[in-house]
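Engineer: Need coordinates for the below:
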Amino acid sequence: MGTISARVPDDFEEELERYLEEERLDRSTAVRKLLMEGLEDWRRERALRKLEAGEVTFVRAVALADASIWEFARLAEERDATWVDGDRLKADLDEL
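Structural biologist: Got it, this is the predicted structure:
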């Protein structure tokens, strides 16, 4: 496992301390958890943006998001992302 070191503003560190207390986690576990959650959000947001821009098919966006098809469909619906049209549907069906 690699090591990451980062400097953070004082107010960020204070908020992290509150998080540590509430979640009853040690600093390394908490930072690792928050980083993983942030990367998960980034993957999903990136996949939704690419889907909306027509850069990827729905199936490819699901893979980019590292989510289940149903979970990603729910995210797309919440975002009101249009992904079903003639060209995209054919591309998605071809990928299956």
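
Engineer: What helix or strand is Leu16 located in?
Structural biologist: Using DSSP states H and E, Leu16 falls within helix 10-23.

Engineer: Show me which residues of the next helix or strand after that helix are buried.
Structural biologist: For helix 10-23, the succeeding helix or strand toward the C-terminus, using DSSP H and E, is helix 27-52. Neighbour-count burial for helix 27-52, with 16 or more other CB atoms under 10 Å as criterion, is recorded at Ala30, Val31, Arg44, Ala47, Leu48, Lys50, Leu51, Glu52. C-beta here means a position set from N, CA and C on the backbone, and glycine is covered the same way.

Engineer: Repeat that for stretch 65-78.
Structural biologist: Quick answer for stretch 65-78 (16+ other CB under 10 Å): Ala65, Ala67, Phe72, Leu75, Ala76.

Engineer: Could you dump the residues you listed into a markdown table with pLDDT, secondary structure and distance to Ser5 added?
Structural biologist: Shown next, in a markdown table, are the buried residues of stretch 65-78 (pLDDT from 0 to 100; DSSP: H, G, I helix; E, B strand; the rest coil; distance: CB to CB, whole Å):
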| residue | pLDDT | secondary structure | distance to Ser5 |
| --- | --- | --- | --- |
| Ala65 | 97 | helix | 29 |
| Ala67 | 95 | coil | 30 |
| Phe72 | 95 | helix | 33 |
| Leu75 | 93 | helix | 32 |
| Ala76 | 92 | helix | 37 |
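
Engineer: Make JSON lines out of these and add distance to Gly2.
Structural biologist: Below are those laid out as JSON lines (distance: CB to CB, whole Å):
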{"residue": "Ala65", "distance to Gly2": "23"}
{"residue": "Ala67", "distance to Gly2": "25"}
{"residue": "Phe72", "distance to Gly2": "28"}
{"residue": "Leu75", "distance to Gly2": "29"}
{"residue": "Ala76", "distance to Gly2": "33"}
